[in-house]
Every structure is written in C-alpha cells, then in structure tokens.
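Trainee: Have a look at this prediction, sequence included:
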Amino acid sequence: MLDFLLIIVTVFGAFGGFAFKKMHFIKKILFLNHFFLIGGVLYFLSALVNIYLLKKIPYSLLFPLTSLSYIWSMLISKIFLDEKITNLKILGIIFIIFGSIILSFN
C-alpha cells in the first residue's frame with residue numbers, strides 16, 4: 001500500500017508540474033486558468049499523501065525515493081510535449097532506478 005502511495009505522490013507531482021508548464025500567463029485572472037487549478041490541486045494532493053507517508057516511512061528513505069517523479073516528468077514531456085529523450089537523460093533515469101532499488105532493499 002505504501003509503495004502505491006509513493007507512486008501516487010510522484011505521479012501527481014509530475015503532472016502538477018506539467019500543468020504549470022502548460023499554463024498560459026495571458027489570462028489576467030490566474031485563478032480562472034484551468035491549468036493553474038489542476039496543477040495546484042495535484043501538488044496539494046501530492047503534498048497531503050507525502051505528509052502521510054512521512055509518518056510511515058523514514059525521511060531518509062522517502063525523500064530520495066521522491067526522485068522517481070523525474071522519471072514521470074520525462075515520460076510526460078515525451079508523450080505530451082514531444083521533447084527529446086537524450087542518452088544523458090536515460091543514464092540519469094538508470095541511476096535513479098538503481099538508487100531507488102538499493103534504498104528499497106535497505
């Protein structure tokens with residue numbers, strides 16, 4: 001269950017960042033911008049679940065595992081923004097995955 005919640009935290013955080021990137025600052029009233037609202041809600045939900053997880057998982061384990069959001073961000077950027085995935089990004093993702101696996105066995 002905690003593993004699923006950790007994935008939720010990272011996915012919501014990544015999609016929150018995506019929504020803020022898609023936000024257009026042309027609208028004068030920021031709170032009427034649906035990307036602003038979606039991004040804010042996703043970040044808020046991510047923070048709430050993260051606070052819950054902090055009560056269940058040691059901070060020294062949880063904080064590094066939140067780096068999984070970088071993987072989601074890269075995939076979201078590729079799918080929705082057609083950004084390139086370079087070899088250096090792939091290497092970074094491999095390091096994140098390898099580090100997360102090491103931490104999860106501890």
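Mentor: Nice, I can see it.

Trainee: Which pLDDT value belongs to residue 66?
Mentor: If you check residue 66, the pLDDT there is 91.

Trainee: Please apply the same query to residue 19.
Mentor: 89.

Trainee: For it, give me its contacts.
Mentor: By C-beta atoms under 8 Å, 6 or more residues apart in numbering, the contact set of residue 19 is 35-36, 38-39, 42. For the C-beta atoms, the positions are set from N, CA and C on the backbone; glycine is no exception.

Trainee: Could I get the CA-only coordinates of the helix or strand containing residue 75 as CSV?
Mentor: Secondary structure assigned from DSSP states H and E places residue 75 in helix 68-81. Provided in CSV are the C-alpha atoms of helix 68-81 (Å, rounded to 0.1, in the frame of the first residue of the first chain):
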residue,chain,number,x,y,z
LEU,A,68,11.0,8.9,-9.1
SER,A,69,9.0,12.0,-10.2
TYR,A,70,11.8,12.9,-12.6
ILE,A,71,11.1,9.6,-14.5
TRP,A,72,7.4,10.5,-14.7
SER,A,73,8.2,14.1,-15.8
MET,A,74,10.5,12.8,-18.6
LEU,A,75,7.8,10.4,-19.8
ILE,A,76,5.1,13.1,-19.6
SER,A,77,7.3,15.5,-21.5
LYS,A,78,8.0,13.0,-24.2
ILE,A,79,4.3,12.0,-24.6
PHE,A,80,2.6,15.3,-24.3
LEU,A,81,5.2,17.9,-25.2
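
Trainee: Thank you, goodbye.
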